[in-house]
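In: Quick one: sequence plus predicted model below, questions after.
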Amino acid sequence: MAKMRQPRFKLCRRLGLNVIGHPKAMKRENNGSARNAKKLSSYGTQLLEKQRLRSYYGVMEKQFANYVKKALKDKEQTGSALIKRLECRLDNLVYRLGFATSVAQARQMVVHGHILVNDNKVNIPSFNVKIGDVINLKEKSQKNELFKENFLSQLTNVYPYLTKNESNFSGTLIRHPERHEVPIQINDSLVVEYYSKL
């Protein structure tokens, strides 16, 4: 499975945005290494925004381009459709539900078989979660102190399109997210403009 391997804090500083959610990621951000510290052309601005969105979800370029193609076929606004598709990836929802403290950790949990969807083991991070699907920790994995602590410490941090069940370590996607409910600092129209020129 292909994955991003570059240093994560360095990536955040280069993109000028904390795309991994770590509190110390931007500690040395004012060292002039950020792309947006320099004057960018309109193409450069679009490219930077695309790289930021890709890095938020940890998606490789080819797979990201496929998400854009599918979003372009949707009836709703392309940017919102793209964010919705990315947000409904299994690894991302495992992170949003609080099983993991980062998308990278959530992806590792999925790949290692700790996560069930509707009581079936799914080890594909890009698996598309549908409305009504129940995501939960495998019974054996519920004894893992790290996973338990992650989940229970974030019980109040629930997104409006998700519900959490403390008793059986599970969460459900109750509807698709609205664009304003997704906590990412991205101008998705710039991403769409970037791909419209290719």
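Out: Ah, there it is. Numbering: from 1, shown residues only.
In: what residue lies at the spatial centre of the protein?
Out: In the chain, the residue lying closest to the centroid (Cα atoms, centre = their mean) is Y57, at 3.5 Å.
In: which ones are touching that residue?
Out: By Cβ atoms under 8 Å, 6 or more residues apart in numbering, Y57 lies in contact with L86, R89, N92, V103. The way it works is simple: take the backbone N, C-alpha and C, and place the C-beta from them, glycine included.
In: The second one: how many residues sit nearby?
Out: Number of residues near R89 (other Cβ atoms under 10 Å) recorded here: 25.
In: cool, the one 3 residues further on as well?
Out: Using other Cβ under 10 Å, the number of residues around N92 comes to 22.
In: Can you tell me how far it is from L162?
Out: From N92 across to L162, the span is 11 Å (Cβ to Cβ, to the nearest Å).
In: What's the mean pLDDT across the helix ranked longest in the chain?
Out: The residue-count maximum for a helix in the chain (DSSP state H) belongs to helix 42-57. The pLDDT scores in helix 42-57 average 91.
In: Could I get the buried residue list for the host helix or strand of L152?
Out: Using DSSP states H and E, L152 sits within helix 145-153. Across helix 145-153, burial judged by 16 or more other Cβ atoms under 10 Å covers F147, N150, F151.
In: next one: stretch 121-132
Out: If you call a residue buried by 16+ other Cβ under 10 Å, then stretch 121-132 has these buried ones: V122, P125, S126, F127, V129.
In: Which two of those have the greatest separation?
Out: P125 and V129 (11.2 Å; Cβ to Cβ).
In: Common neighbours of the two, please.
Out: Common contact partners of P125 and V129 (Cβ under 8 Å, 6+ apart): R89, L90.
In: tell me the domain boundaries of this structure?
Out: 8-86+185-196, 89-175 (automatic domain parsing).
In: what's S170 sitting at in phi/psi?
Out: Main-chain torsions, S170, degrees, to the nearest 10: phi -140, psi 170.
In: where along the protein do the helices fall?
Out: Counting by DSSP H, the segments of the chain that form helices are 8-15, 42-57, 61-72, 78-87, 90-96, 103-111, 145-153, 188-196.
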